[in-house]
Structures are given as structure tokens and as C-alpha cells.
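# no sequence on this one, just coordinates:
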């Protein structure tokens with residue numbers, strides 16, 4: 001029988017924030033907050049990753065009192081900044097490729113899914 005996770009919401013938020021900073025996402029970007037919420041939601045329910053535009057973005061928009069389009073754009077911008085300035089070794093570990101010029105950045109869905117899956121495994125949220 002699987003053991004229940006003993007990670008508190010606060011610990012999960014701290015873990016996600018720390019990991020995002022390691023990935024090179026500056027905390028002052030609006031997309032940072034949206035991405036942190038998205039990763040937390042997907043870590044708790046990976047089915048959201050399959051419906052980013054239909055479920056995840058609308059839920060985030062309601063939560064943050066904005067539009068789906070602004071959520072998507074801000075997350076994309078945060079990922080672009082991360083991809084340009086971030087930790088290549090960590091990207092290699094997470095995505096199987098790094099932020100060298102020969103690879104384009106992962107999509108919002110790929111990025112969210114990879115980070116959420118890492119957090120789920122690391123903190124045994126399965």
C-alpha cells in the first residue's frame with residue numbers, strides 16, 4: 001500500500017520556487033508566479049498537463065484574475081528567459097537536451113510537465 005506524502009503545501013511551494021530559481025527563472029517576472037502555480041497544480045494532478053489550454057490556463061486565469069492569453073504569454077516569456085540564462089546541466093537532466101544553440105526551448109506544456117513530474121518524483125507525490 002502506498003504511503004501518503006507528508007509534504008506540506010508550503011514545503012511544496014518552497015521546493016518548486018527553489019527549483020525554478022535553479023532553472024534560471026527570475027522571481028520578478030509575472031510568469032514566475034503563474035508557472036509556479038501551474039507546476040504545483042500539475043504535480044498534484046498530472047492530467048492537467050494534457051489539457052493546458054482547455055483546463056490549466058483557464059484555472060490559472062481565474063486564480064490570478066487575468067486572461068488565459070496573458071497567462072500563456074507570461075509563462076512563455078519566463079521559459080524563454082530561463083532557457084537563455086538558465087543552468088544547461090539541469091536542462092540536460094530534465095529534458096534530455098540543453099539550452100545550446102542547436103536546440104529550441106521546450107514548449108510551455110513540455111516545460112510544465114517535466115518540472116511537475118520531477119517535483120512529483122522528488123517529493124513522492126505519486
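Structure's in. What do you need? On a predicted model such as this, the values are computed, not experimentally measured, just so you know.

# And the residue lying closest to residue 76 once chain neighbours are set aside, how far from residue 6?
Counting by Cβ to Cβ, 6 or more residues apart in numbering, residue 108 is the residue found nearest to residue 76 once chain neighbours are left out, at 5.7 Å. In this view, the C-beta of every residue, glycine as well, is placed from N, C-alpha and C. According to Cβ to Cβ, to the nearest Å, residue 108 and residue 6 sit 31 Å apart.

# Equivalent analysis for residue 61, please.
Going from residue 61 to residue 6 by Cβ to Cβ gives 32 Å.

# quick one, which of those two is more surrounded?
residue 61 (17 against 8; other Cβ atoms under 10 Å).

# List the buried residues for the helix or strand where that one lies?
Using DSSP states H and E, residue 61 falls within helix 57-64. Of the residues in helix 57-64, 57, 59, 60, 61 count as buried by neighbour count, 16 or more other Cβ atoms under 10 Å.

# re earlier: neighbours around the residue nearest to residue 76, how many?
22.

# Now do the contacts for it.
By Cβ atoms under 8 Å, 6 or more residues apart in numbering, the residues touching residue 108 are 52, 72, 75, 76, 79.
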